[in-house]
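1. sequence and predicted structure are below.
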Amino acid sequence: MRQYQNIKQEIDAQIEEVLLSGKFVQGPKLAAFEEQAKAYFGCEYAIGVGNGTDALWLSLMALGVGPGDEVITHANTFFATVEAIWIAGATAVLVDCDPQTKCIDPAAAEAAVTDKTKAIMPVHLYGQCADMPAIKAIAKKHDLFVIEDNAQGIDGAGDSFKQGELSDTVCTSFIIQKNLGCFGDGGMVFTDNPDVDAKIRKFRNHGSAERDHHSAGFNSRLDDIQAGVLSAKVKHISAWTDQRIAISKIYNAGLADCTAFELPYHKAGFRHVFHLYVVETKTAEKRAELLQFLQDNGVDAKTHYSIAIHNQDGFPWGKPFRLAGSLENAEKNAATCVSLPMFPELQPEEIQYMIEKVCEWDALQK
Ligand SMILES: Cc1ncc(COP(=O)(O)O)c(C=O)c1O
């Protein structure tokens, strides 16, 4: 764990303080991290919760979105986005992604609006900030909530806006592999709405804001050890994001002459924090070949995600979503995506080795 080794003293000090305080749940470390996160990410309220999925569905609950309501999102996101809508009791409406950014296609989202639509849930997929001004304009026109799934996009923004400025809540995940990850599960809701803040604070703690007084609620708390780890780490997020962006540029330059796949697209004016560096092959068969070639050569390449949500088959009771319009881009994304290793601590010689191997495969295609 290179990241831990680099800042071991800072993290160990935080964990030790929690152990010595004896306050593990809803203690001072959680409160301190919430204050720090508010200041860092620039919003009025930051509420630590159990994980990113909970951040999403607790946002829906707090905004009063539930059974009978529809929430629009896109079909090539991670499963948890849709799971959260389903847990809240609403129906997910799956639309296509933009063919370049892989984030929600605003025109497809607007075409899917019905009388039942209550919210749009854009996802900053792979770290590419979604087209929030376009989403906000649709939301304003049709009186909808906007909930940002920011599990992959923390530290992102647009040139003319920051995340949260054009939405009701921003929901993030701190699971270890995220750009800001703790040592287990964790999540956070950012909002400027005091009512949403108060509701989620109660929901996360068995519906209790005052000892012995409860209303309907759940158990979804960010514990103090994880909050301490995040307090140590959040100070480094900017440097880590810069490092991810720098690595993406090295990949781009090294792979520029390859012709058997497309490089990731970065939409001008919308920051890409490169949670993932995803290339797209021309066909599904070629994707399988590239993956195999890389794995045979010791490169930990993966797919995010090879089965679009609507093609998952784990819904014995019937699919909890509605499809709206063509999902052609989402299906192509699922069939052809390959994620190359991406994390801030990658060493120059490792990046060069991966570039070399990908170029070697590309040359075999000519
Ligand atoms: C886009 C997206 N949404 C939601 C989640 C859910 O986060 P968690 O696993 O912390 O529940 C994740 C990651 O796991 C994700 O990548």
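-> Noted; the coordinates are in hand. Keep in mind that what you see is a predicted model, and the values were worked out from it rather than measured. Residues are numbered from 1 along each chain as shown.
2. mind listing what the closest residue to residue 74 other than its chain neighbours touches?
-> Leaving aside its sequence neighbours, residue 74 sits nearest to residue 104 (C-beta to C-beta, 6 or more residues apart in numbering; 4.4 Å). Yep, even glycine has a C-beta here, placed from its N, CA and C like the rest. Listed by C-beta atoms under 8 Å, 6 or more residues apart in numbering, the contact set of residue 104 reads 72, 73, 74, 95, 97, 98, 120, 122, 123, 130, 131, 135.
3. what's near enough to touch the fourth one?
-> Same thing as residue 95. Shown in contact with residue 95 (C-beta under 8 Å, 6+ apart): 72-75, 104-105, 108-109, 111-112, 324-325, 327.
4. swap the cut-off to 7 Å and go again
-> Residue 95 makes contact with 72, 74, 104, 105, 108, 109, 112, 324, 325 under the criterion C-beta atoms under 7 Å, 6 or more residues apart in numbering.
5. partners of it in the sheet?
-> Residue 95 forms beta bridges with residue 74, as assigned by DSSP bridges.
6. and the pLDDT for it?
-> Note on residue 95: pLDDT of 98.
7. how about the last one?
-> For residue 135, the model assigns a pLDDT of 98.
8. next: the third one.
-> Among the per-residue scores, residue 74 holds a pLDDT of 98.
9. what is the burial count for it?
-> 33 (other C-beta atoms under 10 Å).
10. hang on, isn't it packed against residue 329?
-> No - using C-beta atoms under 7 Å, residue 74 makes no contact with residue 329, being 9.0 Å away.
11. my guess is residue 307 contacts residue 333, does it?
-> No - between residue 307 and residue 333 there is no contact under C-beta under 7 Å: 11.0 Å.
12. more neighbours, those two?
-> Here residue 307 and residue 333 are compared on neighbour count by other C-beta under 10 Å; more neighbours surround residue 333, at 25 against 14.
13. right, and the helix or strand after the host helix or strand of the more buried one?
-> Applying DSSP states H and E as the criterion places residue 333 in helix 328-336. Using DSSP H and E, the next helix or strand after helix 328-336 towards the C-terminus is strand 337-340.
14. do stretch 161-177 and the ligand meet at all?
-> Yes - using C-beta under 6 Å from any ligand atom, stretch 161-177 reaches the ligand at 173, 175.
15. how about the helices of the stretch 251-366 of the chain, start to end?
-> 284-296, 328-336, 348-364 (DSSP state H, counting those that start in this stretch).
16. pull the distance from stretch 18-36 to the chain's centre.
-> 25 Å (C-alpha atoms, centre = their mean, to the nearest Å).
17. stretch 148-162 now?
-> 9 Å.
18. what are the buried residues along it?
-> Buried positions in stretch 148-162, judged by neighbour count with 16 or more other C-beta atoms under 10 Å: 148-158, 161-162.
19. what's the helix or strand for the most centrally placed residue in the chain?
-> Central residue of the chain (C-alpha atoms, centre = their mean): residue 151, 2.2 Å from the mean position. Applying DSSP H and E as the criterion places residue 151 outside every helix and strand.
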